[in-house]
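the sequence and its predicted three-dimensional model are supplied below.
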Amino acid sequence: MRAPEFRRTLIAYLDARATVLRPNTIDKLSSALAIFGEFVCDHDPNLASVSGLERHHIEAFLAWTSTRAARGSHDHTKAVGPFAHAHAAIAVRGFLDDIWSWGWADTPGRRLVFEADIPRQPDTLPRALPPDIDTALMNAVGQLDDVFARVAITVLRHTGIRIGELLDLEVGHLVDYGRNGTWLRVPLGKLHNERSVPVDDHALEALDEWLGQRQPQRPRPHPRDGHLADFMFVDRGRRLGTTRIKRGFRDAVTTANLAGLDGQPLKVTAHQMRHTWATELANAGMSIQALMTLLGHRSPEMTIRYARLASPALKSAYDQASGKIARRIPVASAGRPAIPDRIEWLASEMLKTRVAHGYCSRDLVAEACSYANICETCPNYTTTPDFEPAIQAQLVDIHALRDDANDRGWTSETARHDRVIASLEGHLRRIANNSSTDAAH
């Protein structure tokens, strides 16, 4: 930065904020203000100090930072995202507002950045996994050879804690309250608040497996406050990190043959486990206050995004409206059978699902159904020899649907049908094995 006085003011401001902000926050603020200082000083070589800033400097910076290349990216043509753009604007506004309110000499003396200058952020809903993908993924997670990855992903999925909170767990954080169940005392995390979450049977079984094979470890100073901590996830004297968890996700996706719309392996993150867990609870009708407490959110606004996925009032209104529509629209044209010809159905340009006693067809614009074949691929699904003919017939049709989807280039549909085929073949093998056992007796 060419202007020494400008630089001194920025450094003094960061030093002042460092007394109340966490180091990670200061690092991000320092980076944003360094980008701002470098730009305005290059944009106006005559600018010597912060007090010389004018509105046109701010407008030029805001226009540039919305299209600038992302730092640290190998793709130099990739622009920063909306969150980075907003963070830069907020950092500059905070800097100028603070030094003006503190009465510093090197200040423009008037407001230069306004609320309207802060870009609006996309109000996206949490990225929960659809039920069929969730089931397939967790079935594959249960087959992982890496015990740590298997346990970690299971705990993330069934407690909703963040990955950093998981890795900070200590042995003493797993608490049995008798009739009130087993709970995890979640350490200080992203929002620096401690909370407790209940542990269901899946998470408890996973934690018991880990603790059963974990060797005694020597407590070590906690990096945050220095207290001696007996960290839960330690191997050979070293704390475990995120690398094996990420590899576990990739391996599970490969095992489950999960693909995205582009045909590439589906990208699943640890934080999606939290979204999936919270969305599941919201869909089950958990109150905002209870969900807010379990997630460790500080404000209802952070939690309400999950409730928007499952508003009971919205669902009730939808059910009423769809019921009226169903009564007005006939399910089949007059003079035609309700079930179309089998060959006609199999070859239709639709997203098709074959179930044991019928089928489902969805228009392409409706996208794939999240619940398609969820029962057949569920680990709790049980069948008997009485249903073997129905399963055999279903399997024949699903093979045809798989080939049809493959011919059309529908990669994700092909993968879905492959998962159902594997599941049905497994059910048929179990029926055959049980029949052989009964015959032997």
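Yep, it's here.

low pLDDT regions in the stretch 1-150 of the chain?
Flagging of the stretch 1-150 of the chain using pLDDT under 70 yields the residue ranges 1, 70-80, 121-126.

what are the ranges of the strands in it?
Applying DSSP state E, counting those that start in this stretch to the stretch 1-150 of the chain gives no strands.

for the residue nearest in space to the middle of the chain, helix, strand, or coil?
Centroid-nearest residue in the chain: residue 272, 2.0 Å away (criterion: Cα atoms, centre = their mean). Secondary structure state of residue 272, per DSSP: H, G, I helix; E, B strand; the rest coil, is helix.

is it true that it touches residue 127?
Yes: applying Cβ atoms under 8 Å, one finds residue 272 in contact with residue 127, separated by 5.6 Å. To be clear about C-beta, it is placed using only N, CA and C from the backbone, and glycine gets the same treatment.

domains of the protein?
According to automatic domain parsing, the chain comprises the domains 4-117, 131-307, 342-440.

tell me the most buried of the ones you listed?
Burial among the domains of the chain, expressed as mean neighbours by mean count of other Cβ atoms under 10 Å, is greatest for domain 131-307, which shows a mean of 17.

distance from the chain centre to that one, please.
Taking the mean of its C-alpha atoms, domain 131-307 sits 12 Å from the chain's own mean (Cα atoms, centre = their mean, to the nearest Å).

returning to that earlier point: which residues sit in contact with the residue nearest to the centre of the chain?
127, 128, 129 (Cβ atoms under 8 Å, 6 or more residues apart in numbering).

helix or strand for residue 418, which one?
Applying DSSP states H and E as the criterion places residue 418 in helix 411-440.

what is that helix packed up against?
Secondary-structure packing of helix 411-440 (3 or more Cβ pairs under 8 Å, 6 or more residues apart in numbering; DSSP states H and E): helix 388-408.

between the helix it packs on and helix 411-440, how many degrees?
160 degrees (axes from the mean of the first three to the mean of the last three Cα atoms, to 10 degrees).

avg pLDDT for helix 388-408?
The average pLDDT within helix 388-408 is 86.

from the contact counts, what lies against it?
Counting contacts by 3+ Cβ pairs under 8 Å, 6+ apart, helix 388-408 packs against helix 342-346, strand 351-355, helix 411-440.

just so I know, which of these lies nearest residue 237?
Ranking those by proximity to residue 237 (Cβ to Cβ) places helix 411-440 first, at 40.4 Å.

now that closest one against strand 351-355, angle please.
Going by the same axes, to 10 degrees, helix 411-440 makes 10 degrees with strand 351-355.

ok, the closest residue to residue 110 other than its chain neighbours - contacts?
Nearest non-adjacent residue to residue 110, counting by Cβ to Cβ, 6 or more residues apart in numbering: residue 100, 7.7 Å away. Contact analysis of residue 100 by Cβ under 8 Å, 6+ apart lists 107, 108, 109, 110, 111.

find the nearest non-adjacent residue to residue 169, please.
Using Cβ to Cβ, 6+ apart, the nearest residue to residue 169 is residue 232, at 4.4 Å.

go ahead and confirm the one you found touches residue 184.
No: Residue 232 lies out of contact with residue 184 (Cβ under 8 Å); the separation is 9.9 Å.

overlap in contacts, the two.
Common neighbours of residue 232 and residue 184 (Cβ under 8 Å, 6+ apart) are 169, 173, 174.

tell me the contacts of the residue nearest to the second one when sequence neighbours are not counted?
In space, not counting the residues next to it along the chain, residue 173 is nearest to residue 185; the distance is 4.4 Å by Cβ to Cβ, 6+ apart. For residue 185, the residues meeting the contact criterion (Cβ under 8 Å, 6+ apart) are 172, 173, 175, 194, 195, 196.

mind doing that once more with 7 Å?
The contact partners of residue 185, by Cβ atoms under 7 Å, 6 or more residues apart in numbering, come to 173, 175, 196.
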